[in-house]
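Colleague: predicted model and sequence follow; I will ask about them next.
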Amino acid sequence: MSTERGAGEARTRRGGWPGLRAAMALLLPGGAARGAGAIELDANGLRQCLRVAAGGTLGFIVSQLMGWNYGVFFTVFPMFLLGLIPVLNGHVVRQFLGNALINCVEVSLVLGLTQHMPLVMTGLVFALFYTRFRLMARGPLFLFGANGVLTLSILFHFASYTDLDLADLLASNLVASVLAVMIAALMHTAFPDRQPRQPPPGVVKSASRIRHETLIGAVTATASFMVFQTFDLRDSLSAQMATVLVLFALGYPGARVSARKRAVGTLLGCNLALVMQLLLYTQDRHLLLVVTLYWVGLMVFARAHVLEGGGSGVGFGGLTTLGILFGQSLAPGQDLIYSALYRFSSMCVALVATLVLMALLDRLLNRWQATRATQG
């Protein structure tokens with residue numbers, strides 16, 4: 001997956017702080033050409049939009065009809081697999097499913113053996129994050145590492161509360177992972193690319209840069225884990241996911257750009273969710289109406305995501321925001337208004353704290369040649 005990583009870094013260098021006006025241009029028809037670093041929506045791009053929107057909607061429908069817990073798994077996983085990975089092959093499937101199985105074993109062992117020893121548990125969590133970020137920094141197993149960081153963060157977030165059923169949590173993760181692969185296969189069959197995709201160029205990194213990216217990601221992810229373990233932040237999953245997704249840029253300069261785009265995407269996603277809530281009013285129990293509006297919202301942000309060239313930007317931020325709000329907060333007697341406002345405010349605080357920590361770590365690690373982020 002080094003090629004996907006290289007494309008993401010190239011987009012980070014070309015792009016920049018999109019601004020709210022430029023982000024809105026990505027969402028509006030005919031405004032794509034004005035977006036910073038945007039590309040044209042070709043035939044392949046249109047089909048990827050359809051795959052992301054239809055796949056995310058299908059995951060939401062299945063979780064709602066089956067009444068499964070942890071709906072966020074079923075809404076976000078298809079978006080991750082269809083949005084960040086434009087192709088589907090055996091290498092991608094093996095990484096995605098293999099990571100899900102290994103994560104369940106890791107979480108079970110860490111929590112089962114060391115939950116009563118916070119320092120030991122924190123050390124093991126750091127070791128798990130370190131191995132994942134090293135895989136991401138090296139390249140070929142970037143998907144395995146990235147999905148591992150994201151899933152481990154979510155699992156540890158939920159499993160830290162003793163009143164939750166750990167077996168149900170891990171089973172939901174496995175079922176959602178298998179379902180996401182099945183949905184992705186179905187979407188690629190229903191909306192195949194018109195032309196073969198050209199792999200982006202790979203990135204050659206020095207050993208010191210790999211160490212730099214690995215340490216800054218592992219330390220920041222562990223710090224996020226410690227904060228969410230210390231405080232009762234049960235409803236702050238969106239904030240925790242935001243702190244993890246910006247780490248996919250592998251370094252402070254890229255994370256700074258990603259955080260700005262993530263904030264804009266979350267703001268737009270929250271506002272769109274509020275508009276949907278107002279349109280639904282008291283009809284939020286009618287699944288057909290909810291699904292229709294949800295698909296429209298996903299299609300809007302999928303289009304922005306493709307026009308940005310992929311990666312965790314404004315479009316993907318809006319996609320995951322809708323996925324979290326609908327997957328976790330849409331329940332009888334619970335509306336999205338408070339959830340949307342709370343998630344945006346908590347996400348902003350989390351992103352600022354994450355960037356401050358990453359800036360400090362970046363300056364510290366660059367003091368030594370062995371961990372300097374040199375190019376090459």
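Modeller: All right, it came through fine. Residues are numbered from 1 along each chain as shown.

Colleague: what are the ranges of the helices in this structure?
Modeller: 2-14, 19-27, 43-66, 71-79, 90-114, 118-138, 142-159, 166-190, 207-230, 237-245, 252-280, 287-307, 314-329, 336-365 (DSSP state H).

Colleague: quick one: which of these is nearest A373?
Modeller: helix 207-230 (4.3 Å; CB to CB). C-beta here means a position set from N, CA and C on the backbone, and glycine is covered the same way.

Colleague: mean pLDDT, distance to T374 and mean neighbour count for the helices of the chain - can I get that in TSV?
Modeller: Formatted as TSV, these follow (pLDDT from 0 to 100; distance: least, CB to CB, whole Å; neighbours: other CB atoms under 10 Å):
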stretch	mean pLDDT	distance to T374	mean neighbour count
helix 2-14	41	15	18
helix 19-27	55	31	18
helix 43-66	91	35	21
helix 71-79	88	34	27
helix 90-114	90	29	17
helix 118-138	91	13	19
helix 142-159	85	20	24
helix 166-190	92	37	18
helix 207-230	88	6	20
helix 237-245	77	26	26
helix 252-280	82	13	21
helix 287-307	89	32	21
helix 314-329	81	29	28
helix 336-365	81	11	18
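
Colleague: and of the ones you listed, who's closest to P199?
Modeller: The closest of these to P199 is helix 2-14. By CB to CB, the value is 4.4 Å.

Colleague: the residue nearest the centre of the chain and V52: what is the separation?
Modeller: For the chain, the residue nearest the mean C-alpha position is L245 (5.1 Å; CA atoms, centre = their mean). Counting by CB to CB, to the nearest Å, the separation of L245 from V52 is 16 Å.

Colleague: A180 too?
Modeller: 12 Å.

Colleague: overlap in contacts of these two?
Modeller: Shared contacts of A180 and V52 (CB atoms under 8 Å, 6 or more residues apart in numbering): P78.

Colleague: against G254, how distant is the residue nearest to the centre of the chain?
Modeller: 12 Å.

Colleague: ok, M358 next?
Modeller: Distance, M358 to G254, by CB to CB: 10 Å.

Colleague: can you check L111 too?
Modeller: Counting by CB to CB, the gap from L111 to G254 is 32 Å.

Colleague: do the same with R260
Modeller: 11 Å.

Colleague: and what of F191?
Modeller: To G254, F191 is 30 Å away according to CB to CB.

Colleague: quick one on the thing from earlier: tell me the contacts of the residue nearest to the centre of the chain?
Modeller: With contact taken as CB under 8 Å, 6+ apart, L245 is in contact with L150, S258, R262, S312, F316, G317, T320.

Colleague: and what of M347?
Modeller: Neighbour list for M347: S238, A239, A242, R262, A263, T266 [criterion: CB under 8 Å, 6+ apart].

Colleague: repeat the analysis, applying 7 Å as the threshold.
Modeller: M347 sits next to S238, A239, A242, T266 when contact means CB atoms under 7 Å, 6 or more residues apart in numbering.

Colleague: which pair of the residues you listed spans the longest distance?
Modeller: Farthest pair in these (CB to CB) is A239 and T266. Separation: 9.5 Å.

Colleague: thought A159 was touching L166?
Modeller: Yes - taking contacts as CB atoms under 7 Å, A159 lies within contact range of L166: 5.5 Å.

Colleague: what sits in contact with each of the two?
Modeller: L111.

Colleague: before we move on, back to that, tabulate the helices of the chain in JSON lines, adding columns for distance to T371.
Modeller: Shown next, in JSON lines, are the helices of the chain (distance: least, CB to CB, whole Å):
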{"stretch": "helix 2-14", "distance to T371": "19"}
{"stretch": "helix 19-27", "distance to T371": "33"}
{"stretch": "helix 43-66", "distance to T371": "37"}
{"stretch": "helix 71-79", "distance to T371": "32"}
{"stretch": "helix 90-114", "distance to T371": "26"}
{"stretch": "helix 118-138", "distance to T371": "12"}
{"stretch": "helix 142-159", "distance to T371": "19"}
{"stretch": "helix 166-190", "distance to T371": "33"}
{"stretch": "helix 207-230", "distance to T371": "5"}
{"stretch": "helix 237-245", "distance to T371": "22"}
{"stretch": "helix 252-280", "distance to T371": "13"}
{"stretch": "helix 287-307", "distance to T371": "33"}
{"stretch": "helix 314-329", "distance to T371": "29"}
{"stretch": "helix 336-365", "distance to T371": "4"}
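
Colleague: among those, which comes closest to P196?
Modeller: Of all those, helix 43-66 sits nearest to P196, with 9.2 Å by CB to CB.

Colleague: that closest one packs against which elements?
Modeller: Applying 3 or more CB pairs under 7 Å, 6 or more residues apart in numbering; DSSP states H and E, one finds that helix 43-66 contacts helix 71-79, helix 166-190, helix 287-307, helix 314-329.

Colleague: would you turn those into a markdown table with distance to L119?
Modeller: As requested, the helices and strands packed on helix 43-66 are exported to a markdown table (distance: least, CB to CB, whole Å):
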| stretch | distance to L119 |
| --- | --- |
| helix 71-79 | 29 |
| helix 166-190 | 21 |
| helix 287-307 | 40 |
| helix 314-329 | 31 |
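
Colleague: that's all I had, so thanks and see you.
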